[in-house]
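In: Here's my sequence, what's the structure:
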Amino acid sequence: MHAGLGDTPAPARVADALGGQPLGGGRVVDVRRSPVGRFGRAAVTVDAPGTGVLRIEAENEYLLVLADGETVAASPEVIVLLDRRSAAPIAADAVRAGDDVLVLVLPAPPWWAARPDAAVHVGPQAFGLGPPTARGGAAPSGTGAGR
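Out: The predicted structure follows:
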């Protein structure tokens with residue numbers, strides 16, 4: 001149990017405590033890993049009741065979240081997966097099918113907004129995830145999850 005959040009923390013309470021927004025919560029139904037990039041790539045699919053299907057693209061950190069195919073969060077925003085029962089963070093290399101997760105987005109550190117020239121080095125496109133979408137994220141990389 002995480003201090004002050006109760007036995008099973010609600011996504012909005014956890015997000016509010018961290019200064020972010022909930023994107024959804026549910027069961028990880030698929031994790032596809034591929035040897036792309038410096039750290040390997042993962043495409044994580046979460047069945048999030050009330051939100052739809054969330055697809056999270058990751059390398060050594062979470063880079064992009066799509067909800068039913070639309071970008072809802074992208075680095076340099078901080079994308080976080082938490083264990084739904086304990087609110088403990090789940091690292092990109094530790095997430096597994098069957099995990100019950102909360103997906104949150106925290107604001108990007110202010111220095112990224114102050115230096116847009118630097119932000120291109122940490123956005124999804126810097127990791128080969130495709131052209132930017134209307135929200136400023138990127139199209140999926142084609143790792144195969146959710147297809």
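
In: Quick check: end-to-end length of stretch 57-65?
Out: Start-to-end span of stretch 57-65 (C-alpha to C-alpha, to the nearest Å) is 7 Å.

In: helix/strand/coil for Asn60?
Out: For Asn60, the secondary-structure state derived from DSSP: H, G, I helix; E, B strand; the rest coil is coil.

In: Just give the closest residue to it, not the sequence neighbours.
Out: Leaving aside its chain neighbours, Asn60 sits nearest to Phe39 (4.0 Å; criterion: C-beta to C-beta, 6 or more residues apart in numbering). For glycine as for every other residue, the C-beta is placed from the backbone atoms N, C-alpha and C.

In: in what helix or strand does the residue sitting nearest the centre point of the chain lie?
Out: Centroid-nearest residue in the chain, with C-alpha atoms, centre = their mean: Ile79, separated by 4.3 Å. Ile79 is located in strand 78-83, with elements delineated by DSSP states H and E.

In: now could you export just the CA positions of the helix or strand just after that strand as CSV?
Out: Downstream of strand 78-83, the first helix or strand assigned by DSSP H and E is strand 100-106. The C-alpha trace of strand 100-106 is given here as CSV (Å, rounded to 0.1, in the frame of the first residue of the first chain):
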residue,chain,number,x,y,z
ASP,A,100,-2.4,-4.8,-13.7
VAL,A,101,-1.3,-1.2,-14.3
LEU,A,102,-2.1,2.5,-14.1
VAL,A,103,-0.8,4.6,-17.1
LEU,A,104,0.0,8.2,-16.2
VAL,A,105,1.6,11.1,-17.9
LEU,A,106,3.6,13.7,-16.0
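
In: Understood, closing this out.
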